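# here is the input, now give the coordinates:
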Amino acid sequence: NASGRELDALADAGFTAISFDSWQRGTRAPESMAAFYPRMIENFPQVAWPIYGNSALETLRVLDWAAEEFGIEPPFYLGGYSAGGDIVVAAAGLDPRIGCVAAICATPDWRRPGMHAEGELVGPGKPDAYAQWLYDRINPLTHADAYAHRPAIAFECGADDDHVPPD
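Residues are numbered from 1 along each chain as shown. Reported below is the predicted structural model:
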């Protein structure tokens, strides 16, 4: 989800710019961030992977809607920050209409090895069957063949980011 300021800057540059809240996040969240965040850190795969997978799939519907609503043609250019970056990278593996992705503080590896929260290493967690099903079909790192259409993908990660280590 981009801020209005970012969307305005893209529109001012001549782009059709849209944003949506990912599955169970933002305005679509069934719980507060104060409740969600500790639950996610406790079992990252079980909580985060369904958000990534479902949101990547929903991105295809949003692109269909945007193409129809605004008369835009592929290739589509996507961007996202943190989980949003993980989601748009995954979507690029699902839809060859996506020609370019900019992912900030994001990774193609849904496991996020080396991730820390509040200075502590986040454990690997254990996905439930639903989360594992999504990972097995959509996780970018284990599905390189899904990117045969060769979308341009740029990852921007900071050296001091311990949530998504740049390595």
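
# give me the helices and strands touching the helix or strand encompassing residue 67, please.
Per DSSP states H and E: residue 67 is located in helix 44-70. With contacts defined as 3 or more C-beta pairs under 8 Å, 6 or more residues apart in numbering; DSSP states H and E, helix 44-70 has these neighbours: helix 33-42, strand 76-81, helix 83-94, helix 129-138. All C-beta spots, glycine's among them, are computed from the backbone N, C-alpha and C.

# what's the closest of the ones you listed to residue 149?
Of all these, helix 83-94 sits nearest to residue 149, with 8.5 Å by C-beta to C-beta.

# what angle do the following helix or strand past that closest one and strand 76-81 make?
Counting by DSSP H and E, the next helix or strand C-terminal to helix 83-94 is strand 98-104. Angle of strand 98-104 versus strand 76-81, following axes from the mean of the first three to the mean of the last three C-alpha atoms, to 10 degrees, is 10 degrees.

# what does strand 98-104 contact?
By C-beta atoms under 8 Å, 6 or more residues apart in numbering, the residues outside strand 98-104 that reach it are 63, 74-82, 85-86, 88-89, 91-92, 151-157.

# since that was my last question, I'll sign off now.
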